[in-house]
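Peer 1: The following comprises the amino acid sequence and a computationally predicted model.
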Amino acid sequence: MSTAERLPQRPAVSRRAVLGAAVVGGAGVAAARLWGGAALDRLAPARAGQANLAGRGDWNSPLGGESAQVAQLLRRATFGAGPAELEKALSDGFSKTVDRLIETKYAPPPAFGGDAAGRLNVGQLQQWWVTHMLTSPTPFAERMTLFWHGHFTSDFRKVGLQTPFIYWQNLTWRDMALGDLRTMLKRVTTDPAMLRYLDLATSTGASPNENYSRELMELFTMGPGNYTEDDVRAAAKGLAGWVEPRPAAITPDQPVAGTFAPQRAYKGAAFKYLGKTAQWNTDSVLDQILAQTATAPFVVTKVLQNFVMPAPSKDYVNRLAAGFKSSKYDVKTLMREVFKSPEFVSATAYRSLVKSPTEFMVHALRALGAQSAAQVRLALAAAPNLGQVLFDPPDVGGWPNNEAWISSNTVVGRVNFVSSLLDSVKAALPSAKDAHRQHLDGVLSPQTAAALNQATDDHNRWLLVLASPEFQLK
Amino acid sequence: MTEEIGINQLKRRDFLRAGLVFGAGAAGLAAGYAAVPDAFARAVYAAKTNGVANDHVLVMIQLAGGNDGLRTVIPLQDPKLHDLRPKLADMSVGQALPISGDFGLNQNLKGVKSLWDQGKVAIVEGVGYPNPTFSHFESIRIWETGDPTRRQVDGWLGRTLAQAYDSFGHPLTGCACGTTDVPGALRDLQATLTVINNQKQFGFSGGSEVEAAVGALYKGTPGIYGALFDTAIATARETIGTLKSSDAAYQPMAQYSDAAKLVYSSKNQLAAALQLAAELITTGTGVKLLHATSTRRSAPSTRTSARTALPTRC
């Protein structure tokens, strides 16, 4: 997050000048803003087929038009849209689509199960989730689940695969994704995978483990600098006492929370936490965190950096944070405010976020209507090289975002994924005629426009669209 | 992703136990988390003063994760160790491998001890910064940028690369091996840097036509990430060309055979990264800074000890 905040100040231009590849925008170059009408088939397709697409050196934001707003919404709130979804959203309009995404109850994924011995196979688990991202009628829920997976992280390596805990966590995060933060924090705190991942299950009042206490404040709610080391030790005492569910309580597809063992809790005198002396326990610790002024802005900043722009202004953050807090930390209210804020459709927001590897690959699969198990496996196979393996974030801070997804290794990896995906669907590629409008808003750089003008068949056109810099952004 | 799981989990402990045995023709230098960035940066600046047409190469091996400094380099005489961590003192001091009157290495670090005896190891002890936070992330960031005031955003190695070398058009001047993204210490937009996760897979699977098409696509890309994208693609293309010729020229000094029970099997990501580093050095690609990492914390208990990784003062 800290790296993203500094992006706009980076001397990107000088780097480009160094490369000697700067292209002067404007100057007689016609805009390729093909979005205009309310629905795709009402767009100005005028340009005599595809022969003469023109690009611009500066990607002028098309977000003044509602259809581009809708397309951006689907790129960010879901994993991009296929033609039918796009068509429906375009005819519903922006506001109605936001409401539908937010108000539709999530479609639960099919039961995953596991093998007879109850052991999870992480590759199968990844396949199960990506398949659901791809096919779920409520992809917003999957997008939010992915967001929370990167925020309230756990990984299968430490949690293990002998119990269904890491799978349960996915079910729980989906179930709580649009709830209120207070309820979420209680579920996160007592989640069996989290109890293992950050060691709360081994923490006792007599010998408190500080890991969960620290990350709860540093990474999940408040951010560094808003509490002291004494507060970390105090919350560790207050939170102690949770244990994993008893083995007898474990059935594969029915998540249960950890249980509280009073004999393991802290039994000493009242102590000070975040400025107040009391006999703290888990509930009061969580309440006290939500009473801090740092909490709402911290969570809102993270949401905005994932859904709107890498460096949201202080005013913007504080405005949404105030609403978030006064809604009693209702995430549904927050997400509606986020999508309906003027900033979401501002020129600054346009193409200001880099798709994570998962978003990029699922969008590509959706664009091509590729849903077979083998095609999903292509995405799973590419994931490590692109830097994002589900259920296996690099550390408790979750995945980095935006510019961190771009390296000489990952850009080649992204192109190679597109190549392998296209090879896998060669027999029945959908027409690429409208791909640049459906997936790139018709807003193209001169290079992308020129390349598409020269492409001779659907395979090459899809390759260029999906491998283009435009498609890497959301 | 499933294929990758389980085969590349070199344990940092194994690595330390085997000793930092590394050196590939040119000068090899190993730096763990206890190293002072500035000391190495100065060494590299000195190399520039001497002219870059030498074979001075910095290889940094980053053992990401937690390590108990007081169990690695053990203060043998400091009574505070006995007072503050009696259990640790009891189990470490007696068995330590003394390297001076005051300090000893952990009994498992026989390889490092042997290098120490040959004068090939430098240890920087007790590295920290004023008013330390116990946040792992803050500490790592400070370590990566070499700036305890937290204002600096570029990594110390990236800055070194940008300031001491003309890396433009020579993407292999700085190379991160065995990872997907740019390590924090190497980050600097003014430096060209290559990242190679898997040497065998590095290249455009669609062939030279795809490579050319993508090369044409990523030129003058608009937007706030445009320069990053264009640089990444240009760097990748340069690197692919260089790797092709260095692969052809490379003659390994040792056979990497899993049957030989090497500590680092060829399936191990760090081992593969170091072999790539060796190839880049010995085939004269002009590489100056190489970074390899054990990628991730993997041992279940590292997160606790990660908190004590930096401030090891007793």
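Peer 2: Alright, I've got the coordinates.
Peer 1: How about the closest residue to chain B within the stretch 251-400 of chain A, nearest residue that isn't a chain neighbour?
Peer 2: Relative to chain B, the nearest point of the stretch 251-400 of chain A is A:Gly387 (4.0 Å; C-beta to the nearest C-beta). For the C-beta atoms, the positions are set from N, CA and C on the backbone; glycine is no exception. With C-beta to C-beta, 6 or more residues apart in numbering or on different chains as the criterion, A:Gly387 has its nearest non-adjacent residue at 4.0 Å, and that residue is B:Thr180.
Peer 1: Count the residues that sit near the one you found.
Peer 2: Counted with other C-beta atoms under 10 Å in any protein chain shown, the neighbours of B:Thr180 add up to 25.
Peer 1: Pull the contacting residues for it.
Peer 2: Contact analysis of B:Thr180 by C-beta atoms under 8 Å, 6 or more residues apart in numbering or on different chains lists A:384-387, A:407, A:409-410, A:413, B:195, B:197.
Peer 1: can you pick the most crowded of the residues you listed?
Peer 2: Busiest of the contacts of B:Thr180 [other C-beta under 10 Å] is B:Val195, holding 30 neighbours.
Peer 1: ok, now which ones touch that residue?
Peer 2: Residues in contact with B:Val195, defined by C-beta under 8 Å, 6+ apart, are A:407-410, B:175-176, B:179-182.
Peer 1: Check the secondary structure at it for me.
Peer 2: strand (DSSP: H, G, I helix; E, B strand; the rest coil).
Peer 1: Can you name the residues bridging to it?
Peer 2: B:Ala176 (DSSP bridges).
Peer 1: any idea of the pLDDT on it?
Peer 2: Looking at B:Val195, its pLDDT reads 89.
Peer 1: One more: the one 5 residues further on?
Peer 2: B:Lys200 is assigned a predicted lDDT (pLDDT) of 78.
Peer 1: now that we're looking at it, how far away is chain A from it?
Peer 2: 11 Å (C-beta to the nearest C-beta, to the nearest Å).
Peer 1: Check the burial of that residue by counting its neighbours.
Peer 2: 8.
Peer 1: and stretch A:69-87, which residues are buried?
Peer 2: A:69-83, A:85-86 (16 or more other C-beta atoms under 10 Å in any protein chain shown).
Peer 1: Could you confirm whether it reaches chain B?
Peer 2: No - shown here: stretch A:69-87 not in contact with chain B (C-beta under 8 Å from any C-beta of the partner chain), separated by at least 14.0 Å.
Peer 1: Give the rounded mean pLDDT of that stretch.
Peer 2: Rounded mean pLDDT across stretch A:69-87 is 93.
Peer 1: and what of stretch A:217-232?
Peer 2: On average, stretch A:217-232 scores 96.
Peer 1: now stretch A:138-146
Peer 2: In this model, stretch A:138-146 carries a mean pLDDT of 98.
Peer 1: go on, stretch A:155-165?
Peer 2: Per-residue scores along stretch A:155-165 average to 92.
Peer 1: Over to stretch A:284-298?
Peer 2: On average, stretch A:284-298 scores 98.
Peer 1: Now find how far off-centre it is within its chain.
Peer 2: How far stretch A:284-298 lies from its chain's middle: 23 Å, per C-alpha atoms, centre = their mean, to the nearest Å.
Peer 1: Residue numbers of the stretch 101-250 of chain A in contact with chain B?
Peer 2: A:121-123, A:126, A:157-158, A:198-199, A:209-211, A:214, A:218-219, A:224, A:229, A:232.
Peer 1: mind running it again at 6 Å?
Peer 2: Residues of the stretch 101-250 of chain A lying near chain B by C-beta under 6 Å from any C-beta of the partner chain: A:123, A:158, A:211, A:218, A:224, A:229.
Peer 1: between those, which is closest to chain B?
Peer 2: For those, the nearest to chain B is A:Gly123 (3.0 Å; C-beta to the nearest C-beta).
Peer 1: Then that closest one would be within a helix, right?
Peer 2: Yes - assessed by three-state DSSP, A:Gly123 belongs to a helix.
Peer 1: Lowest mean pLDDT among the helices and strands, pick that one out for chain A.
Peer 2: helix A:12-19 (a mean of 34; mean pLDDT, DSSP states H and E).
Peer 1: Strands - which of the contacts of B:Val195 land there?
Peer 2: B:175-176 (DSSP state E).
Peer 1: Go through the contacts of B:Val195 and name the one nearest A:Val354.
Peer 2: Sorting these by distance to A:Val354 puts A:Thr410 at the head of the list, at 9.9 Å, by C-beta to C-beta.
Peer 1: Would you enumerate the residues in contact with the closest one?
Peer 2: A:386-387, B:180 (C-beta atoms under 6 Å, 6 or more residues apart in numbering or on different chains).
Peer 1: hmm, 10 Å instead?
Peer 2: Neighbour list for A:Thr410: A:354, A:357, A:360, A:385-388, A:404, A:472, B:180-182, B:195, B:197, B:232, B:236 [criterion: C-beta atoms under 10 Å, 6 or more residues apart in numbering or on different chains].
Peer 1: Kindly report the same for A:Ala269.
Peer 2: A:277, A:279.
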